[in-house]
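Engineer: how would this look folded up:
(2 chains)
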Amino acid sequence: KQEVTQIPAALSVPEGENLVLNCSFTDSAIYNLQWFRQDPGKGLTSLLLIQSSQREQTSGRLNASLDKSSGRSTLYIAASQPGDSATYLCAVRLYSGGSNYKLTFGKGTLLTVNP
Amino acid sequence: DVKVTQSSRYLVKRTGEKVFLECVQDMDHENMFWYRQDPGLGLRLIYFSYDVKMKEKGDIPEGYSVSREKKERFSLILESASTNQTSMYLCASSLQGARYEQYFGPGTRLTVT
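Structural biologist: Prediction:
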């Protein structure tokens, strides 16, 4: 059974700092990995999707890497801002039968960026 | 922009009531999903649908049913609400196939008293 782990569970940094969030998964037979952001009491916002054939994806100050063979992904946030404060979730997509695929989520990293 | 909407942001129901949670997407996505999110447990898949009138059980389907009569709409039904179904419910949609990302709605915070 696929398990997704995110470390640390919480992280507090001063504004302007570069930071890395970690995600690990136990079954390397994934199709892709998706990073999300969730603000308190809200839904999930998709940040980046990395296909299994890719090594990294970039969007603005965000860069996500994927090492499928070792079961790891990192989300790098450059020059952090207070508005980046949120919970960051990673999810891996696995085949689930027929033509269907499903996501398995980690429990998230709660990021606080202090002004 | 993909838009996934949910009928209510907050809902309070009594034990034993029948509860309907509605989700609508406007991007002609084949797949739709219902999750619940609980502290310490993360997001767990309840049901998903890959086509109109088609449904598949997720990891925790007990106590829930779903309906998909139109492509854009996916309903989650709690036949007889119980207090352990108090949770945040999240709907998502995606195109068919492995390559496509899921887009989430704003969530419904359901409290069963």
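
Engineer: so where's chain A shaky on pLDDT?
Structural biologist: For chain A, the stretches with pLDDT under 70 are A:99.

Engineer: contacts for the lowest-mean-pLDDT helix or strand in chain B?
Structural biologist: Lowest on mean pLDDT, DSSP states H and E among the helices and strands of chain B sits strand B:54-57, with a mean of 91. Strand B:54-57 is touched from outside by A:96-97, A:100, B:47-50, B:66, B:68, with contacts defined as C-beta atoms under 8 Å, 6 or more residues apart in numbering or on different chains. No exception for glycine: its C-beta is placed from N, CA and C like everyone else's.

Engineer: what residues are up against residue B:8?
Structural biologist: Residue B:8 is in contact with B:21, B:108, counting by C-beta under 8 Å, 6+ apart.

Engineer: go again with 7 Å.
Structural biologist: When contacts are counted by C-beta atoms under 7 Å, 6 or more residues apart in numbering or on different chains, residue B:8 touches residue B:108.

Engineer: against residue B:23, how distant is it?
Structural biologist: Remark: distance between residue B:8 and residue B:23 (C-beta to C-beta, to the nearest Å) = 11 Å.

Engineer: one more: residue B:71?
Structural biologist: 12 Å.

Engineer: more crowded one of those two?
Structural biologist: Counted by other C-beta atoms under 10 Å in any protein chain shown, residue B:71 and residue B:23 do not tie: residue B:23 has more neighbours, with 26 against 15.

Engineer: is the more buried one bridged to anything, and to what?
Structural biologist: For residue B:23, the beta-bridge partners are residue B:6, residue B:74 (DSSP bridges).

Engineer: partners of the residue nearest the centre of chain B in the sheet?
Structural biologist: The residue lying closest to the centre of chain B (C-alpha atoms, centre = their mean) is residue B:34, at 2.8 Å. In this entry, residue B:34 is beta-bridged to residue B:47, residue B:91, by DSSP bridges.

Engineer: hang on, isn't it packed against residue B:91?
Structural biologist: Yes: under the criterion of C-beta atoms under 7 Å, residue B:34 makes contact with residue B:91 at 5.8 Å.

Engineer: list residues touching both of the two?
Structural biologist: residue B:74.

Engineer: just to revisit the earlier point, wait, what's in contact with the residue nearest to the centre of chain B?
Structural biologist: B:46-47, B:66, B:74, B:76, B:89, B:91.
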